[in-house]
Each structure stands twice: as structure tokens, then as C-alpha cells.
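**Student:** here's my sequence, what's the structure:
(6 chains)
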6 protein chains.
Amino acid sequence: MQRADNRKFDEMRKVKITNQYLMHAEGSVLIEMGNTKVICTASVEDKTAQHLKGTGRGWVTAEYGMLPRSTGTRKQRDASRGKIDGRTMEIQRLIGRSLRSVTDLDKLGERTIWIDCDVIQADGGTRTASITGAFIAMAEAMKWMKDKGMISSIPVKSFVSAVSVGIVGNEILLDLPYEEDSSAKVDMNVVMTDKGEYIEVQGTGEDSPFQSEELFKMLALAEKGCKELNLLQKEIIGDLE
Amino acid sequence: MQRADNRKFDEMRKVKITNQYLMHAEGSVLIEMGNTKVICTASVEDKTAQHLKGTGRGWVTAEYGMLPRSTGTRKQRDASRGKIDGRTMEIQRLIGRSLRSVTDLDKLGERTIWIDCDVIQADGGTRTASITGAFIAMAEAMKWMKDKGMISSIPVKSFVSAVSVGIVGNEILLDLPYEEDSSAKVDMNVVMTDKGEYIEVQGTGEDSPFQSEELFKMLALAEKGCKELNLLQKEIIGDLE
Amino acid sequence: MQRADNRKFDEMRKVKITNQYLMHAEGSVLIEMGNTKVICTASVEDKTAQHLKGTGRGWVTAEYGMLPRSTGTRKQRDASRGKIDGRTMEIQRLIGRSLRSVTDLDKLGERTIWIDCDVIQADGGTRTASITGAFIAMAEAMKWMKDKGMISSIPVKSFVSAVSVGIVGNEILLDLPYEEDSSAKVDMNVVMTDKGEYIEVQGTGEDSPFQSEELFKMLALAEKGCKELNLLQKEIIGDLE
Amino acid sequence: MQRADNRKFDEMRKVKITNQYLMHAEGSVLIEMGNTKVICTASVEDKTAQHLKGTGRGWVTAEYGMLPRSTGTRKQRDASRGKIDGRTMEIQRLIGRSLRSVTDLDKLGERTIWIDCDVIQADGGTRTASITGAFIAMAEAMKWMKDKGMISSIPVKSFVSAVSVGIVGNEILLDLPYEEDSSAKVDMNVVMTDKGEYIEVQGTGEDSPFQSEELFKMLALAEKGCKELNLLQKEIIGDLE
Amino acid sequence: MQRADNRKFDEMRKVKITNQYLMHAEGSVLIEMGNTKVICTASVEDKTAQHLKGTGRGWVTAEYGMLPRSTGTRKQRDASRGKIDGRTMEIQRLIGRSLRSVTDLDKLGERTIWIDCDVIQADGGTRTASITGAFIAMAEAMKWMKDKGMISSIPVKSFVSAVSVGIVGNEILLDLPYEEDSSAKVDMNVVMTDKGEYIEVQGTGEDSPFQSEELFKMLALAEKGCKELNLLQKEIIGDLE
Amino acid sequence: MQRADNRKFDEMRKVKITNQYLMHAEGSVLIEMGNTKVICTASVEDKTAQHLKGTGRGWVTAEYGMLPRSTGTRKQRDASRGKIDGRTMEIQRLIGRSLRSVTDLDKLGERTIWIDCDVIQADGGTRTASITGAFIAMAEAMKWMKDKGMISSIPVKSFVSAVSVGIVGNEILLDLPYEEDSSAKVDMNVVMTDKGEYIEVQGTGEDSPFQSEELFKMLALAEKGCKELNLLQKEIIGDLE
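**Tutor:** All right, here's what the predicted structure looks like:
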């Protein structure tokens, strides 16, 4: 099978990351994975989450949105509908969990890092691009905190990146654009650390269940993709200490 | 490690399924997995989902709720808050996807099966119990449809069941009650068919990332649990033809 | 006129009350009146209502809900609609008022008792069943408080029960199931103490106004029903001191 | 006991009704009962309620509101809160039911009469004043319909009026202003036809249960008040034929 | 061109202002400009706006509403729709800004004056009538505060009034009723002080852009109207010192 | 007075317009005015507004949003608050009106052009930048429609651009960045055609009223700014025929 953009089955789309993309946020990144473009910002608030008040621990939380015309057909704004849709909720919970899993919330102190991922243009893989970009924005915001003397070291244990994999026809493919994603029978998102550990594994066979063997192959492809992204992240952020 | 209720690491809690639990619904089940109790109903509506109108295809959709005092601390009603929380959204989307993955929506015709899973008492694993119970309620509703002549055969390709697995301390455990779940460092929900295929695999290492080997062990345990539930389902529903 | 279930005009449906129905709530009851089944729980919160802060007085408040498939046709969840409907509001206000009327809020101290009545299966008379069951759940929660040393005696002045009466055709009937209720021209709900006093009298002749004489006959029937329920309540709870 | 405004126990406040108060509505009334002032309008819509479509029957429905500063302390707008409070829901349902009980919905045809009752100034008894005033506005709107040839006769079977009664201290009083209402131990609203029949009887002993004898005395007082209001209504509207 | 009500192009409609219209509010006015009738109240709250807490400054804020049948066709209540529409928001922000522009918020102290403008009957120019009436209600509430010793002088720098002007056909007209307003190609609202200064100038050529010369002529007409309203306000309130 | 960025009082910030910024929208522009950056898209829907159905006329409507971290302090998402704030409503109504004023809705046919303006980075003047950018996006979408044969000519009568002017200290300034805007005593937004006509004039003296003379000077400055923007627009779009 020939992929739409002539990539090999295990080849990532072209990734471009613009750091310090916006002037106001403590950390901000424009991440482009092929035609998918997401602005990720990290904002530092001097107050922890309600349920952690008085514990000395901080919090990392995320919100996700799509510009109405980031997609082929205009998507109604959540603000106009008066509520957030289920897919959006799912994604923003995933981003928050992924970043918290590598953050030392005690060292962060009673502060909140708000992550905002806003999709400017969507072509598949927006949630995984959001995680990969948001990690950089968070790291930048932590550097800013360290420069201000708010923390003495960057409270992060590992790098975090994410990719999608899936089964289209009979092929297992890495990093699916919308065209492939919409015809995939199995769709999987994998979030990993730079040490090769899993943070999240979410595989869905809505159109058709899948076999163990297929699962294992998808996981191997995902690992390859995540590693490549980790390298890019390290080039931009450098070491976290 | 001794489990709270003296079970072995690979042992399920006691499962009790009461079929035809309510008088009004086309299918209704009370499923009890240990202290977790969920009422699952299936309701047949003579209209398909908006986006399928005119296609001849049907739809299966799910809603999930918890009674305010199903939990240790009273949970505010979504209706009083005026919106559904993110966890609830995530769960009801999962239940719907899981059941659709084995349903032949073309054979269902332009109808909707509404699944309602309401947790009466929660002690861990409510989303997986919901899927296992909802599958039976859906099958019963389809039998009712067949008896009415609305369909000529049960449009279901496989049985569906689900369990949770997780890592508590250093132990990989099957079917976690709340006490274990709340201290687990990795939490995984697995939805499978009776043919041993995966429908959904969702593993989360919020408190700590996990290794491949751990992932594979969890998947093996989950398979054991799902198979046991499939047997129980078959005793109750019989063959689907 | 023959009643649907062969009862006499002044005969209650079979009542079954399961006390301590759930593991988490301080008080919990499953009340069944014929086919109507309601779970009533009482939850103790260590904080009084906003408007009573600093007065030393407590509060009793109630919420009411119906499972979507408790009724013949699936009822959309309030949570999905994003607001509570008028009938539900009316009922939960009635339950709260009825229980407060016999509670010594000063003796309760600055605490709130949350009553939740959730209809599992509806066949007429859900609001009156809710009040009768909720009274027991509240009394159980107060016993729990007394055992914990939070209060020195049960702060309740009288027992409270409730029934519906109505006029169907030309007959005045006690305890109407849905079939009778939906064709009644007058519908009345009466809440009484075990001392024969009225707490609430709500009679509605939406389909047709009614005469004084009919009102008085309905009140007499209601008194008979409420007394029978008081006896059952006393068997379960015993004396309140 | 001396009443605040020197009235006798069975004396109504001064009632003033201004018919055709507003220029746009098909029927509009300003009703003043003492200091309580309510604008009642009736609007004719050429479409019946959703659930009656195709039956040939019409509908009467009501909405109720209070201007923010109709009360002693400014009341937040429902529109700002984003939802209607329970008391408002209860009242608007009561107004709608009361008017429907005397309307021949078949003769009305597939139309809706929208009743709006907006309290300009509140001093007790706003819901009963609303019903009394709304009946006139509805009758006026029906005359307008008859003049337009939409109906051949006024589809109303009886006049409808309403008053509040209550027990303050040991006295049973008619038509309570806010000062009396707020210290009443029993509060009752009664809606009657001009033929002396009951449409609604709602008695509440939130602060203290009440006896049969007290109930009967309250009903007798209410009947006296309703009759006086019917006379006023007839002076304004004349016969309905 | 003959105006609908025979007025000259630069003639205001008949204005009638009833001061102290309601019993509860600290300031209340019924303002009638032709058939447009608005109730304006001012309520004093002993708390400033959230963002001014601790600054010693007060706040003036406004809300605006229309009775459902103030208009030719019944307008759905914002409370029923669950949200405030854009036009209402725009108007209430305008009223608040206009009154704040002449108020010395420091002298007001940490208090809020809530302005409520409720349209009883609409016939064009409701927002400008609201501003003119609300200014009087606010001044009355400030007098009440001064009488109570809460402030030592009336913290207002100038009188505020407002009118609409517009272009209908080729004529520039003052104070447009609905009939003219709905066919106007340019619509302008002007808020001024009694010293001839502008507070707000809002001109809109939705149906057709307009020339400088037209703008200047409209401003001149508006000034004439505002001055006449200032005189009326001064007759009612007297001097503010 | 020295302006923050050394501009002269009548000098615009540097403007940069990137046409065809996004792949999915029929028209899309990134407009940068100094540090203010707004993405404007135009989407064509094959359906007119509800109130124009059957008239043969089309509609142009606009929505406006700010990314949470487009501003110095993170702004909560409207979607999370569950409602759109008043300022946003005001702005999106202004954008829609401005574009409709030059569009021939009859020639557009029964279609809607949805304008979305999303602020990526805010530094004053976001609403005027939105209008200037949205005009180009709309024109591009109309060219797309013409290419598809949906319309035979571009149904636009004039070019539309907008700028802000204001009084800071004693100086009247063109095109205010946030720093100047937040200390301005008068703030004015002007929308004009390329023929020198006004579409909207909105001047606000919240902190202090202003004189006629000041108004006229501001209008003159605004005209200068709008003309410069029109030239840029023409370079990008060319003639509209």
C-alpha cells in the first residue's frame, strides 16, 4: 500500500517546532506535524488545585480546543454550544495526566501549571501533537520559574512524547493523517517517556476488534516514533536539571 | 501481598447477574461484581442517530451515571451542576464504542439502542461492570426486537466483556476494588470479545510509567477475567442467532 | 369498578421496605410500593446550609431523580438536558419541606442531612413513596449520628408518611398506580404525621374541578393509608428517642 | 390580634385591576392586591404545544417572573443565574394548570395561549394574584380571537380566582401580606371556580403540622375570598359566551 | 416627510417620569417616552465589585431586561433560554458604563449600586430611556445613602441623559419610535452630560454607510434632545450636592 | 509625549497580512498589527440564517474568540465558563454588522458566510484588526464561490477596514497598543469604507466625557488609518468584480 504522502509505514511526518511562539505565556510552542498545527502554552498560576490546598503540592492541568475552521467542515464553538464535548474532555484529561505522570508535584510547590493546546489546523494526530508540544511549553515555563527563583531545579523526571498508530486495511502504520485515520479499523495513541516506559496506551477497535499480535506491532511502531520526538525535544530544551 | 478480600492475584470478585431486573426496559440487568452494583438497561427507539438518517444503519449509544450516594462521600448530581463531568463522558463514550464494535449496525436498521448504566453502589470497576452488564441488556433487547419481527436475527458478531487490571505495589492484580484501585500506580481497563480479540485497551500510569513486560502481564490477566465473564454471559443469554 | 390489581378502593398496594440497602450511606432504604421502587439515602454533611451559617441550626434538603428507564418510555437525563425539570424541582422541594417540618433543626446542630430519592422503577406514587422511605433513611442517619456522639437524642418530633389519593371515574381511590393515576380527574398527595396532623395537602383538579365533599373523602382515605405506613415505619425503626 | 393593616381576619386587601394595561398583548392586566402588583399578559400563538401537534387541541401555558427589585432585597435575575429557580417553576406550573382546568382545549384549536405574570412589586400572595389577573388576560385574549373569527365562542367553562390563607399565631387569616406570610406556621393557596369548586388546594405546614379543623376553617375563608374576586372579574370581563 | 406621530424632525416624544415608583428600591423610576415604558431601579449593596475589594472604591453596574410581551411578538425569556442574548448584554454594559463615567467611585466607598432597567412596553429607544431614567434612580439612591450618613455628598459629577437619532429615508430624525427605527438606514445612540460633553457615541450604518455631514447633523440633534431631558431630570431631582 | 514604540501620534503600527493562512477554510488570513495577531477565516455554508429562509437572501455572521494565553494573564475559556462574556458578544456582533453593511445579501443567495476571528496574541485593537482581516477572508471566500459558479460576481459594494483611536493624557493617538489603551480616557473604534463613509462609530468616555472638538479630531485620525489599511487590502485582494 502506498501512503497518501509517500511515507514508509514506519515513517513520521515532518515535524517542526517553533519555541517561544507567543509573547505573553511563560512557555509557548507552535508544533507542526505535517499539516497538523497546534499552539501549546504553559501558564504559571500561584495557586494549586482546590483539592491540594495546604498540602504543599502543585498541579498540572490541561485544556484543549480547536479553532472552528481548523477542520474540513466548520466545527461549532464549544462556547456557543454552552458546553464542552466529550471528545474534548477526553483529550484534555489525557494531556493533563500525561504531563503529571513525569512531574514532581511536591517540588513544584503550591502552584498550577495550566497547559492550553489550541489546534490551528487539524490533519490527524492532534492529541498526540498536543502532548509532545505541551511538554516543551511546560519545560520552558519551569525554566522561567527556576530563573525567577521559584524552584531550585526543573521538577520533571522524564521527557514525554506521543504518537498515533493504527491499522488501515491490513497495514500497521505510524503517525496517521486524517485521511488514513478516518478509514483505520484500529486506532491507538501511545504516550511514552524517553526511557521507553509507557504513560498511556489507548487502543480502540471501534470498527473491528484486533489481535494480540497486531497490538504488539503497533506498540513497537509507536516506540520508534516517540523516540524520534524525544530527540527533537532534547535539541530544543536541552537537559532538564 | 494479601489482597483485602483474600482473593488470589488472578481471581475475580464474585459476580452476580440478575437478568430482567426492571419491568419497563426492553433489556435490563443488575450486575454485581463484589460490592459494585450497576443497573444496565437497553431501550429501543425507532429512530437512528441524526448523522445516520437515511442510510439504513442503526446506532448504539450509552449513558452512565452514579447515584449520589453510590460512593463513600456523596457526589453532587450532574443535573444539579448543570453539566456532565469529564470522567462520566469518557465512560459513556467507552461503553458505546465497545458495544458498537460487535454490532452489525446495518442489520439493526434505522433504530437506536440506548444503553443506560446507573451505578447503585460503587467499589471499583464500575465502567467494566457496566460494559459486561450492558452487553446482556443489549442482547435481551435484540431478542425482544426479533420476537416482534423487527429484525430477523440478532445483529451481534461476538460477546463483549470487560475487566480492570492494575499494579499495586509490585503486584499485578485482576479486578481491583476501590481500596486497591486508589493506591494502584498503573490502572488498565480491557474490553475483549469471546474470541480473544481486543476492543479497547486503556492503560494509564498517572502515578508512574510502566514497562512493556508489565503491560503484557496485565493483558494476560485481563484475558483470563474477560473469558470468565463471557461464560457467565453465555449461561444467561444462550446463543445469539 | 374493578381496580386493575383487584384491590379495594381503600386498600394500599403491597409495601416492602429494605433497610440498610447500601453500604456507604449513613441511612439507606429501598422502598417498594407495588411496582414502584425507590432508593432513599440520607447523607450527613458537617456543614449547615449557607443561609444558616453561624445560627447553630442545621438543615435537611432533598434531591429526587428517576433512572432514565424507570418509566415506560425512556426519559432523557436531566444531566444531559443540562437542567432539572419543573416536576423534579417540585418533588424535591416537597420532600425537603416534609422532613424539615418534623425535625428539630436546632438540635441537629450546624449540619446538613442530604436526602436522595432515586426512582428505580416507576408505577405511580413515586413522590409519596420517596417521603415515606426517606423518613426512615433520615432516622437511621440520625441514629448513626447519635452513636457517634454527634447528637444526644434523635431530633425528630413525629413520624412522617405520605400517600396519593384520587378520583378515577366516579370512584375515590387510595394509592394509585400509573394506570389509574393517568386517567384520574383529581389527584391528591397527602403528607401526615403519626399524630394525624397534616404536613402537606396538595390536590389538583387539572382535568376537572372537584367538590368539598370529594375533598373530605379523599382526606379520610389518605389518613387511613398514612397510618398503615406509620406502623410499618415503626416496626423498622422502633422508637425515636 | 391586630393585623398589620387593621383588616379583619376575613377581609381581603384592596384589589385594583387595570385591564388593557399594555399595547401589544392580546390580553393584559395590572392587578394590585394591596402592595402586591403583577402584570399579567396573554399572548396568542398560532401553534399548539409539541405533544398536541395533530390532535386539534390547543394549550395554555404560563411563565412567572419577579423584577429584581420587586422584593425587599434585590433578587438575582434567573437569566443571570442561567436557570429558573424551583419556586418559580412551581408557581408557573400552578398558574398553567389552573387556567387549563377551565379551558376547553378542543375548542381552542391548535393554538397556544402564553400567560406571562411578572411581579412588579411583591408583598405576599403573588402567585394567587397572578392566577386571578391571568384569568382576565386570558379571557380578553379569547375575546380578541373571537373578534378575529378564530373561535366561535369563548372556550372557558368557569371563572378562576385564587387567594392565600394561613395560620399566624393562633389566628386563621385571609389574604396574607409578606409580613404575616413570613411568620405564618401554615400557608395555604386555594384556587377555585365561580361555582365553588376546587381547582387546587395546596397547604403546607413547614414550620408546624396542622389539624383537620384548621384545614376546614382555612378552606372556608379561602372560599369567601375567591368569591369576592370572581365578582370583580365579572365586572371587568362581563359574561363569557 | 410626515412622521408617524406628526412630530417635527427635531421634536422629542412626550416624556413622563414617575419618581419613587416602587416601595422597596432605594431609587425607582417609571420613565415613559411616548409608548416606551421602562422601570428603572437602583439598589444599594454594601459590598463593592470583586475586582475592587480592598481598594476603597465602589462600583455601579446595570442589568436590562424586557418583559416577554413588551414587544409586538412575544419574546422568549432569557431565563427560559438559559442565557442572556447579545443585544441585552450590549445594552446593560452601555448603561453601566454611562453611569460610571459621571460617578466618583472613590467617594461611593466599597459599595455597589445595582441598576435594573426593565422594559414594560417597547416602542423604540428603550436603551436611551433606560439611561435617562436610571440616572434619576441612581441619584435618588445616593440621596438615601446621604440621609443614612453613608456618604457625605452625592458622588456625581454631571447629569446623564441619552437619546437616539437616525436617518430614515433622507431625513435625519430625533427620538425614533419602533416604526421609524425599523426602517432607518443609520441608527445612532448618544449619551451626554448636562455640560454638553459626550459619554458615548454609537452610530451604526448596518443597512448603508453614512457621510461625515450626516454624522454631524445627527450629533447636533442628539445634543438638543439630551438637553431637554437634563432639564426634566433637574426638575425631579433638584441639585446634586 | 513619546509613544511607547516611538511612533508619531498619527502613525499606524506595522501591519502584516498573510493570506491563505490555513488549508481548510474558503478564506483565511493571519493579520498582525504590531504584536496583535488574529486568525480570520470565512466559511461558506449552503444555508441562510433561520429568519431569512425562503427569501432568497444570504447572511454574514461572525464569531470572535481569544486563545486563553493571548493575553498577559490567562483568560478562562468561554467554553469552560459555559457562556460567552459580554465583551465577546459585543465584538462579534460588531464584526458581523460591519461586513453585512457592504455585502449584497440578495446576490449572495441563500447561503451563510461564517466569519471566525481568533486572537492568537493580543496587544490592543483586536476588534478592529479582526474586521480588517475578516474582510479579506470574506472576499477570498467569495472568489472561491465565484470560481465554483455559485455566484456570478463578488457581492461586495466597498472595502471595509477599521482602526482604534483614543485620548491618552492630552494627546489624540491613532492605533493604540494595550499599554496606551489601558490608560486612555477616551476610546473610539471606527469602521469605514474605502469611499470614506462611516459604517460604525463607537466612542466611549468611561473614565471621562469628551468634547465635540476631540471627537472630530479622532474621526480625522481614524480616517487616515482606515485609508492606509484599504490600500493594503487592495494589494492583496485586487479588484472585486
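
**Student:** max-length helix in chain A?
**Tutor:** helix A:212-237 (DSSP state H).

**Student:** for it, give the mean pLDDT please.
**Tutor:** The average pLDDT within helix A:212-237 is 96.

**Student:** tell me which other helices or strands it touches.
**Tutor:** strand A:15-19, helix A:126-147, strand A:160-168, strand A:171-174, strand A:186-193, strand A:198-204, strand B:198-204, helix B:212-237 (3 or more Cβ pairs under 8 Å, 6 or more residues apart in numbering or on different chains; DSSP states H and E). All C-beta atoms are positioned from the backbone trio N, CA, C, and that covers glycine.

**Student:** turn the ones you listed into a markdown table, including mean neighbour count.
**Tutor:** Listed next are the helices and strands packed on helix A:212-237 as a markdown table, based on neighbours: other Cβ atoms under 10 Å in any protein chain shown:
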| stretch | mean neighbour count |
| --- | --- |
| strand A:15-19 | 16 |
| helix A:126-147 | 25 |
| strand A:160-168 | 27 |
| strand A:171-174 | 20 |
| strand A:186-193 | 24 |
| strand A:198-204 | 24 |
| strand B:198-204 | 24 |
| helix B:212-237 | 18 |
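
**Student:** how far is the lowest-mean-pLDDT helix or strand in chain A from where the chain is centred?
**Tutor:** Sorting the helices and strands of chain A by mean pLDDT, DSSP states H and E puts helix A:78-81 at the bottom, at a mean of 80. Relative to its chain's centre, helix A:78-81 lies at 24 Å (Cα atoms, centre = their mean, to the nearest Å).

**Student:** tell me which residues of that helix are tucked away?
**Tutor:** Using 16 or more other Cβ atoms under 10 Å in any protein chain shown as the test for burial, helix A:78-81 gives A:78, A:79.

**Student:** try stretch A:73-87
**Tutor:** Here stretch A:73-87 shows A:74, A:75, A:77, A:78, A:79, A:82, A:83, A:84, A:86 as buried, counting by 16+ other Cβ under 10 Å.

**Student:** now do the same end-to-end measure for it.
**Tutor:** The first and final residues of stretch A:73-87 sit 17 Å from each other (Cα to Cα, to the nearest Å).

**Student:** then stretch A:40-52?
**Tutor:** First residue to last in stretch A:40-52 (Cα to Cα) measures 25 Å.

**Student:** pLDDT of it, averaged?
**Tutor:** On average, stretch A:40-52 scores 97.

**Student:** quick check: the residue of chain A nearest chain D.
**Tutor:** Per Cβ to the nearest Cβ, residue A:82 is where chain A lies closest to chain D, at 8.9 Å.

**Student:** so how far is residue F:2 from that residue?
**Tutor:** As defined by Cβ to Cβ, to the nearest Å, residue A:82 lies at a distance of 46 Å from residue F:2.

**Student:** coming back round to it: the longest helix of chain A to strand A:160-168, inter-axis angle?
**Tutor:** 140 degrees (axes from the mean of the first three to the mean of the last three Cα atoms, to 10 degrees).

**Student:** check the offset of helix A:212-237 from the chain's centre.
**Tutor:** Worked out by Cα atoms, centre = their mean, helix A:212-237 lies 13 Å from the chain centre.

**Student:** what residues are up against the most centrally placed residue in chain A?
**Tutor:** Taking Cα atoms, centre = their mean, the centroid of chain A lies closest to residue A:131, which sits 1.2 Å from it. Taking Cβ atoms under 8 Å, 6 or more residues apart in numbering or on different chains, we find residue A:131 in contact with A:94, A:95, A:98, A:99, A:160, A:161, A:162, A:191.

**Student:** one more time with 6 Å, if that's ok
**Tutor:** A:95, A:98, A:162, A:191 (Cβ atoms under 6 Å, 6 or more residues apart in numbering or on different chains).

**Student:** repeat for residue A:139
**Tutor:** With Cβ under 6 Å, 6+ apart, residue A:139 has these contacts: residue A:237.

**Student:** can you give me the distance of it to residue C:20?
**Tutor:** Residue A:139 is 53 Å from residue C:20, by Cβ to Cβ.

**Student:** what does residue A:240 give?
**Tutor:** Residue A:240 is 54 Å from residue C:20, by Cβ to Cβ.

**Student:** same check, this time on residue A:197
**Tutor:** Residue A:197 is 45 Å from residue C:20, by Cβ to Cβ.

**Student:** and residue A:56, that's in a helix?
**Tutor:** No: secondary structure of residue A:56 (DSSP: H, G, I helix; E, B strand; the rest coil): coil, not part of a helix.

**Student:** and the nearest residue to the residue of chain A closest to chain D once chain neighbours are set aside, backbone torsions?
**Tutor:** Of all residues not flanking residue A:82 in the chain, residue F:82 sits nearest, at 5.5 Å (Cβ to Cβ, 6 or more residues apart in numbering or on different chains). The phi/psi pair for residue F:82 (degrees, to the nearest 10) reads phi 80, psi 0.

**Student:** check what pLDDT residue F:82 gets.
**Tutor:** 76.

**Student:** show me where chain A dips below the pLDDT cut-off.
**Tutor:** A:1 (pLDDT under 70).

**Student:** I'd like the distance between residue A:131 and residue C:165.
**Tutor:** On the measure of Cβ to Cβ, residue A:131 and residue C:165 end up 62 Å apart.

**Student:** try residue A:167
**Tutor:** 64 Å.

**Student:** residue contacts, residue A:63?
**Tutor:** So residue A:63 contacts A:92, A:116 (Cβ under 6 Å, 6+ apart).

**Student:** and residue A:37, by the same measure?
**Tutor:** A:120, A:121.

**Student:** again, 10 Å this time
**Tutor:** Contact analysis of residue A:37 by Cβ atoms under 10 Å, 6 or more residues apart in numbering or on different chains lists A:16, A:18, A:30-31, A:67, A:70, A:118-123, A:126, A:129, A:133, F:22-23.

**Student:** what about it, helix or strand, and which?
**Tutor:** According to DSSP states H and E, residue A:37 maps onto strand A:36-45.

**Student:** ok, that strand: who's next to it in the sheet?
**Tutor:** Partner strands for strand A:36-45, per DSSP bridges, with pairing direction: strand A:27-33 (antiparallel), strand A:112-121 (antiparallel).
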